[in-house]
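Enquirer: Sequence first, then the predicted structure, then my questions.
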Amino acid sequence: MATTACFIIVSRNDIPIYEAEVGSAIKKEEAAHQHQFILHAALDIVQDLAWTTSAMFLKAMDRFNDLVVSVYVTAGHTRLMLLHDSRNEDGIKSFFQEVHELYIKILLNPLYLPGSRITSSHFDTKVRALARKYL
Amino acid sequence: MEPDVSIETGCEIRVAVLPIGGAIPPPRLRLYLSMLSCHRRVDLSSVSSFYSEHQKSPFTHQPWDSGSLRFKFVVGGAPPSPWEDFQSCRKILAVVGLCHCPSSPDLSLVADQFSAACKPYTSALVERCFAFCPSDSQLDEGKRVSNVILFPPSDRQTQEFHMLTMVQDLAASLLMEFEKWVLRAESAGTILKTPLDSQSSLSSEEVIKAKKRRLGRAQKTIGDYCLLAGSPADANAHYNTAIELARLTGDVFWHAGALEGSVCALLVDRAGQQDATLEEEVKYRYYTVIQLYRRSYLQDNAQRVSTVSFELEAALKLARYLCRQELAKEVVELLMGAADGAKSLIDASDRLILYVEIARIYGSLGYQRKAAFFSRQVAQLYLQQDNSFAAISALQVLSLTSKAYHVQSRGASQKQIGSHHSLGPSQADGGKMHQQSIVSLFESQWSTLQMVVLREILMSSVRAGDPLAAWSAAARLLRSYYPLITPAGQSGLASSLVNSAERLPVGTRCADAALPFIRLHSFPIHPSQMDLVKRNPAKEEWWVGSAPSGPFIYTPFGKGGSNESNKQDLTWIVGEPVQVLVELANPCGFELVVESIYLSVHSGNFDAFPVSVNLPPNSAKVILLSGIPTKVGPVSIPGCIVHCFGVITEHLFKDVDNLLLGAAQGLVLSDPFRSCGSGKLKIVSVPNISVVPPLPLLVSHVVGGDGAAILYEGEIRDITISFSNAGTVPVEQAHISLSGKNQDSVISIARESLRSALPLKPGAEVTVPITIKAWQLSMADSDHATNKNSSGVSRISKEGSNPLLVIHYAGPLTSDEFPENGDTVSPGRRLVVPLHVCVLQGLRFVKARLLSMEIPAHINDSLSKKVTSPNAMNSLLKIDPYSGSWVFRLLEIELSNPTDVVFEVNVSVKTDSTNNGNGVTSIQHYAADIGYPKTRIDCDFSARVLIPLEHFKLPVLDGSFLAKDCQPNDFLGGKISNAAERNSKAELNASINNLIKKIKVRWQSGRNSSGELNIKDAIQAALQASMMDILLPEPLTFVFNLAKNGTANEAINGTKQLAEQTNELANSVDQCASGSAVRFKGSISAHEMTPMEVLIRNNTKEPIQMSLSVTCRDVAGENCTEGSKATVLWAGVLTGIQLEVLPLEEVSHSFSLYFLVPGEYTLMGTAIINGATDMLRARARTDSSDETIFCRGSPFHINVAGAV
C-alpha cells in the first residue's frame, strides 16, 4: 500500500463530493490540505487533457514534488482524482474502475442528488477497502 | 535566480534608477519614474544624432534604421551578481539618479550624493542625475554643478520631451561605451570567471584548460555586448564562434550560455515574426540549452554554487516563449519540471522567485488554479520569513489567489456583484432561480481549501498589521465554514474579530458580512386598520373592484401577465412607520451580540430604526425592523446593515437566499437556519415597494374599552365606536359597510353621525353608536361551551365569528403637497373594525310543543253588552269569529338556564296591524301587549313559558290559503295560474312567518343585560303540523246566546273575558288544565223556559248551504233532548234545519230549552254542509268528493241553577 494517497471525487461543477486520505502514512492535517491543494490545481490540466484523449484514465498527468496525480474522468465529467507516490499504474487503474462502479451505484440511488456530497458510509468503507487492495 | 526572465532578457541594458537627495514625495517619484520608464525601447535611428563615431565600430552589421536599444530600469538598484561576467545583461551598465529639487535645495550636495551612490556600481558605464522642479536659484546654481541635469519647470509634455532627449543621449553614450569595451576585449582579452570556476587551487591542468576556454568565453561576452548594442547579426556571429570554441574545450556551461545568447539574437533579428520553423528552432536550441545546463551541474561544488537556477531560468524562458493555449501541454511539462527543480535550489528566495514565475506563466496560460496553487506556495515561503514586510507580501499574494479559490472579499469583487445585480431581477421574477444558476454560484467550492486559504489570509494579515483584512478574513471564515469549525475555533475567530475591531476606528465598514445570517421573513401587510385601497375616482363607490376580492386564486378576467402576479406590490406611506420581519440565525457556539441592526435602503427615502439583538448560541430569532419612509418614490431593501463585532457590514438577503438554495441542493455544508432549529421557509423575495404621499389614517376604539363585549345569546347592546383621524390629511369620504360572519347581528349603525362629521380634520374625532344583538351559538359552539363550562371557562370568542365593520375612507383626490404626484389619484384606505363580541350561551331552548284544549264557553246572560271594537275596521265583521271558538292552542316553550346568572323571561306578542297579501286587514287585538308577568329562571333550572296562539286567526277562511291542496280552483274562476298559486303559497308562508315574528320572548338578566331569544325555528317546528288549524278559522262558527224576550240578537261577547281568561290561563298553566276554575255566574234556572238562539257565522267567501242540528248533553255526555229519559224539553227545531249563510254573514236560529234538572249542560251546534266546495273539503282534510262535510261548533256550557 502506498504511503501517501489522497483520493477525491470532483463533481462536474468542480465541487469535491468525496474526500479520503487513503495512504498508510500517519495522517497530518496540513499534509492533507496540501494534497487537496495539489489536486485542486491539477483540475486545470485535467480540463484540457480530458478532451485530447478518449481514455478515461489519465495516468500521472500532474505532479508536485514527488506526488503524482492520476485522474479518471467519467462520461459525466465527474473526476476521480488520486494523489499518490507509488507507481503502481495497473493497481491505480483497477482502483479507479472499481470506484467508478461504486460511484455509478451511488448515482442510481434515487435519493442521491447528482452533484451533491456523497455521504454514504458504505461507499466510504468500500473505497477504503479498494485502496488497501490496489494501492 | 532573477525574476521576470524571458528569452529577450539577454538584450536588455540594465539601468539602476536611484532617488538622490532629500526624500521625494511618492507621487512625484512615481511621476518621474513613469516618465523614465516609458522609454524602455530607444530606436537606433533616434540615437544616431547623439552618436559620434570615434573609431571604427565593431558592430559592423548594426541596423541603424530598424534596430533599437532596450533598457531595463531597476528602481533602487541591485547588488552585483556573481554571474555578471557570464551574462553581461546582469550587469548594471548605467546609473540614473532622480532628484526632486524642492526637497534637496543644495545641488552640489546632490552631486556628491549621486557620485557616492554610483560607487557600488562598478560595472556602470554611464551615470546621469536628473533633477526636477528646480527653483530659479537652483537653475542658476545648476550651471555650475556639472553632473546634475536640471529639468526646467514646465508642463508635463515638455518634460517628457526633455526626458526623451536625455534617454536618447544616455543610449548614445552607452552605445559608444559598448564599442569601446568590445574593442578593448577583442584586443586585450579579459579574464571571465564564474563562481563555477574554482578559484582556490588551480591545478596546472585546469590552468591550461582555462586558457583554452578564455577565447570562447570572450567571444560569448562580445556577443552579449553586440546584443545589448542592438546588433543581433554581429552577436550571432560571435556566439557561433563561441559555441564552436566551447564545444571544443568542453566548456559546457559557457556553451549553454552562448547558445542561449544565439537564440536571443535570432529572436531579436526576427522581431515580430512568428512562424513554425522559428518556433521549432527556438525550441530545439533551448532544449539543448537546458540539457547543457543540466550537464554542467557539478556534484562537487553543488554545495557552493549550482547551475540549477540557470537550468530553471532557461526552462522558464522557454515556457514563457511558448506560453499559448495550443502548446499548453508542453508548457505544463516544462513548468512541472521547473517546479521539481525547486528542491535542488539552495536559496529560499530563489525558490520564491521560481514559484512566482511559475505562477505567472500558469496565470497567463489561463490555468488559474495552478497559478493560485503556486502563489500560495509563494505566500507560504513569505510566511516562513518572520517579518511584517514578508507578511504583507504574503497577504497580497494570498489575496490574488482568493479569486481562484472563490474566497475573495466582496469589496474586491464588487464589480462581479454589480453584474449579478443586473442579473438579479430576472431571476427573482421567476420566483425560483434556475437550478443551473444556483449550481454555478457554488461552483468550485472546495471548502477545505477555502478554509485553509482564509486562515492563512487571517494569519498573514494579523502579522502584517492589517486589522481590516484580518476582520474580513475572519468574518468570511466564520460565516462560510462555521460547520467545519469546532466551537472552540468559532470562539477563537470571534475573539480575533473583536481584537481586529479594536484596532479599527469606530464606524469602520467592511464589505464582508460576518454573522448573523439574516433572511427576510415577511413583510407584514398593512394591518387591517390601515389597509390601502386603490381608488377609482369615476365611481361613487370608489373602492369597489380595486381590492383583490373573491375567493378565487385565479380569475380569467384578471388583467396583466402572470409574471407580475407572484411579486406583490407594497405601498408605504410617507411618515407612517413600517415594519419588516427578518429572521436572524446564529449557528455558532457563542453568544452573538448584534449591537445594532437596521434595514439597508439604498434609495435614500427611508429612515431605518436600529435595534440591538442578543442571539444565544445555536439560535434563530425573528425580529421586527422598522422605519419611516421619508420621501415619495420606490424603495429597495437589499438587506440589513449590521453593527456586529465592532464593524459595520451590509448583509444582503440575496446571499442568504442563495445559500439556502445551495443547501437544498446539497451543494453547501449546512443551512444555518435549519441547524438553529428554525423551520424551512419559503424564500421571500423583496416586493416592489413604492412610497406614496401621506394619507389620512382613521384609528378606531370602542368607547369604554376595547375588550370584547361579553353578551349572552340574543342580548342586545349598544356599542359606541369612536374614530379619530391620526393622519395629517383630512378624511373627505367615508363609508361604512359590514362584512364577515354574523352580519345580521348588527342591528343598526348610525351612519349619519360619521357622514355629518366629514371632512374629518387631522386629530378630529367622531363617535358612531352601533346596536348589536348577540347571535345564536351554533351547535358545535355550544358543545364547546358546555365542555368549557365544566372546566370553568365559559367564554367563546372566536375571532372568525365576529362581524366586521369596514370603513372605506379617503383624503382629497390629489395631494397639494406633492404636486409631482398630481396625475395619479391618491389611494383610499380601509379600516376594518372587528366588533369583538364574545357570545356566552344564554337561555337554552329545550323543546317547544303545541298544547291544545277545548274549553267550553259559558252561556251567560249577564253580559249582553255588545262589545265594540275600538277599531273602525270592525265594519268588516258582523260577529267576532272568536267568540264562537273555544279551542285553545298554547305554545309551550321549555327553557333551561345553564348559565350562572338568573334570567327573567317575558313573552310578548307584537300586535301592530299588518296587511296580509289579500288586502284583508287582520283585526287589531284588544290585548295589545299581553301583560304577562316575568318568568324567572334560576341557574341550572328550567322553566316553561306559554304563548297563546289564539289571536292569530285570520278573519276569513280564504281558499287561497289552501291552494296547495285544491287543484281545480273554481272559486277563483279557474284563472289562477301557477304563479298565482305560488304567490298565495308565499303569502301563506309570509303570514306564518308574520305570526312567528309576532311572538317575542325577551329576557333580562341582571341590571343591564337584556335580549331576545331566537326561537323562531323551534316555534316553526312545533307549529308546522297544526299551522292550518291555528291560522285559519273554522268555516262556520256557532255561538249560543240567550235570547232575551225576543230582542235583537246580542251576542254575548266574551272576548274581554276571554282575554282575561287566557291571561289567567297563561299565568297559571298548571291550574288551567280544566276549565272548571272559571265560572260564570249563571242566571239560568231549571224549570223555566229558556229562549235561546244559535248564531252561525260563515267565515268563508262563499254562501254555504247546510243542515244544522243542535244537541244538548248533560255532564255524563248523554244526549238529554232525545230518548225516553230526556231531561231537557225543547221547543222549536233542533235538527235538520236547512239554512243558507251568505259569505261573511251570520244567521240566527231560535229555539227554547226547558231544563228539568239543574246542572251543567253542553250545547253544541253541528252542521252538515251541502254541496261543499273544494276549499271546505280541503279545510276538512278530506280527499273524496262524496264524503259529507261535517262542521262542528265548539261546545257551550250552560249552568242551570236549581229553582229558587
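Expert: Received it, and whenever you're ready, just let me know what you need.
Enquirer: Which single residue of chain A ends up nearest chain B?
Expert: In chain A, the residue found nearest to chain B is residue A:116; the distance is 2.7 Å by C-beta to the nearest C-beta. All C-beta spots, glycine's among them, are computed from the backbone N, C-alpha and C.
Enquirer: and that residue, how many residues sit next to it?
Expert: Neighbour count for residue A:116, taken as other C-beta atoms under 10 Å in any protein chain shown: 15.
Enquirer: what's the distance between it and residue A:10?
Expert: Noted for residue A:116: a distance of 13 Å to residue A:10, by C-beta to C-beta, to the nearest Å.
Enquirer: Equivalent analysis for residue B:309, please.
Expert: Relative to residue A:10, and taking C-beta to C-beta, residue B:309 is found at 35 Å.
Enquirer: And residue A:128, by the same measure?
Expert: 19 Å.
Enquirer: between the two, who's got more neighbours?
Expert: Set side by side, residue A:128 and residue A:10 show more neighbours around residue A:10, with 25 against 14, by other C-beta under 10 Å.
Enquirer: Look at that one and report its pLDDT.
Expert: Confidence at residue A:10, expressed as pLDDT, is 88.
Enquirer: for residue B:1079, same thing?
Expert: Note on residue B:1079: pLDDT of 36.
Enquirer: Over to the one 3 residues further on?
Expert: Residue B:1082 is assigned a predicted lDDT (pLDDT) of 46.
Enquirer: Let's verify the most centrally placed residue in chain A: helix, strand, or coil?
Expert: Nearest residue to the geometric centre of chain A (C-alpha atoms, centre = their mean): residue A:81, 2.8 Å. With DSSP: H, G, I helix; E, B strand; the rest coil as the basis, residue A:81 sits in strand.
Enquirer: ok, now residue B:766?
Expert: strand.
Enquirer: Nearest spatial neighbour of it, chain-adjacent residues omitted?
Expert: Excluding the flanking residues, the one nearest residue B:766 by C-beta to C-beta, 6 or more residues apart in numbering or on different chains is residue B:757, at 3.8 Å.
Enquirer: ok, the one you found touching residue B:750?
Expert: No - counting by C-beta atoms under 8 Å, residue B:757 does not reach residue B:750; the two are 10.9 Å apart.
Enquirer: residues near the closest residue to residue B:134 other than its chain neighbours, how many?
Expert: Once flanking residues are discounted, residue B:134 sits nearest to residue B:101: 4.2 Å by C-beta to C-beta, 6+ apart. Close neighbours of residue B:101, defined as other C-beta under 10 Å, add up to 25.
Enquirer: Any figure for the gap between residue B:101 and chain A?
Expert: 51 Å (C-beta to the nearest C-beta, to the nearest Å).
Enquirer: Provide a list of residues in contact with that residue.
Expert: By C-beta atoms under 8 Å, 6 or more residues apart in numbering or on different chains, the contact set of residue B:101 is B:107, B:131-135, B:138, B:150.
Enquirer: sorry, back to before: got the phi and psi for the residue of chain A closest to chain B?
Expert: Main-chain dihedrals, residue A:116, degrees, to the nearest 10: phi -100, psi 170.
Enquirer: Just the pLDDT at it, thanks.
Expert: We have a pLDDT of 81 for residue A:116.
Enquirer: Let me know whether it touches residue A:18 as I believe.
Expert: No - the criterion here is C-beta under 8 Å, and residue A:116 misses it with residue A:18 at 10.6 Å.
Enquirer: what's the closest non-adjacent residue to residue B:363?
Expert: residue B:371 (3.8 Å).
Enquirer: give me the number of residues near residue B:758?
Expert: By other C-beta under 10 Å, neighbour count at residue B:758 equals 15.
Enquirer: Let me see the backbone angles for it.
Expert: Torsion angles at residue B:758 (phi, psi; degrees, to the nearest 10) stand at phi -70, psi 150.
Enquirer: and it, what does it touch?
Expert: B:731-734 are the contacts of residue B:758 under C-beta under 8 Å, 6+ apart.
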